[in-house]
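In: could you look at this predicted model? Sequence included:
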Amino acid sequence: VVLYNVRVCLMYIPIMGFKKHCIFMFLCLHRLLESTWFLWVSQMNHIPMNIDYDKNLDWVSAQLAATCNVDQSLFNDWFTGHLNFQIEHHLFPTMPRHNYWKVAPLVKSLCAKHDVKYECKPLLTAFGDILRTLKESGEHWLDAYTHA
């Protein structure tokens, strides 16, 4: 992390100038936007899923139960870096992300053939599910601490 910040300062201070623009504010804004983006993208496919108890599932079924996809669109593919195909990401972790859309129809048909749920939802629904799940989790923790 330190080397990254040193490298950024060495690159941007000569271009932007230290007095004209505050490089520290630039770095803070960059980190704020990047971390917020990463939070939403990485959690929309995982947090809302019902994985509270071990159901002794096979590996493929466990991956499908633990993740969901977000509908494909040019914006969703770009915004998530193709991680809107989280099911395929879990099934094929070494596959380049830009190829997930190619195997998604095959995975869907395999799931339909074996009657395994393949969940896909709109982007805004996925974001809302994060907030709903965190609210429910917070209520459980609040209840646990107030009755302890």
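Out: That came through, no problem.
In: what about the helices in the chain?
Out: Secondary structure of the chain (DSSP state H): helices at 2-16, 23-43, 59-66, 74-80, 86-91, 100-113, 123-146.
In: Val116 touches Leu64, doesn't it?
Out: Yes - counting by Cβ atoms under 8 Å, Val116 touches Leu64, with 5.6 Å between them. Heads up, the C-betas are built off the backbone N, CA and C, glycines and all.
In: turn the helices of the chain into JSON lines, including distance to Asn50 and mean neighbour count.
Out: Formatted as JSON lines, the helices of the chain follow (distance: least, Cβ to Cβ, whole Å; neighbours: other Cβ atoms under 10 Å):
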{"stretch": "helix 2-16", "distance to Asn50": "37", "mean neighbour count": "11"}
{"stretch": "helix 23-43", "distance to Asn50": "15", "mean neighbour count": "12"}
{"stretch": "helix 59-66", "distance to Asn50": "7", "mean neighbour count": "16"}
{"stretch": "helix 74-80", "distance to Asn50": "22", "mean neighbour count": "15"}
{"stretch": "helix 86-91", "distance to Asn50": "15", "mean neighbour count": "22"}
{"stretch": "helix 100-113", "distance to Asn50": "17", "mean neighbour count": "14"}
{"stretch": "helix 123-146", "distance to Asn50": "10", "mean neighbour count": "12"}
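In: out of those, nearest to Met49?
Out: For the helices of the chain, the distance to Met49 is smallest for helix 59-66, at 5.4 Å, taking Cβ to Cβ.
In: please name the residues that touch the residue nearest to Gly81 when sequence neighbours are not counted.
Out: Leaving out its chain neighbours, the residue that sits closest to Gly81 by Cβ to Cβ, 6 or more residues apart in numbering is Arg97, at 6.1 Å. By Cβ atoms under 8 Å, 6 or more residues apart in numbering, the contact list for Arg97 reads Gly81, His82, Leu83, Phe85, His89.
In: measure the most centrally placed residue in the chain to Arg132 for me?
Out: By Cα atoms, centre = their mean, the chain has its centre lying nearest to Ser42, at 1.6 Å. Distance, Ser42 to Arg132, by Cβ to Cβ, to the nearest Å: 17 Å.
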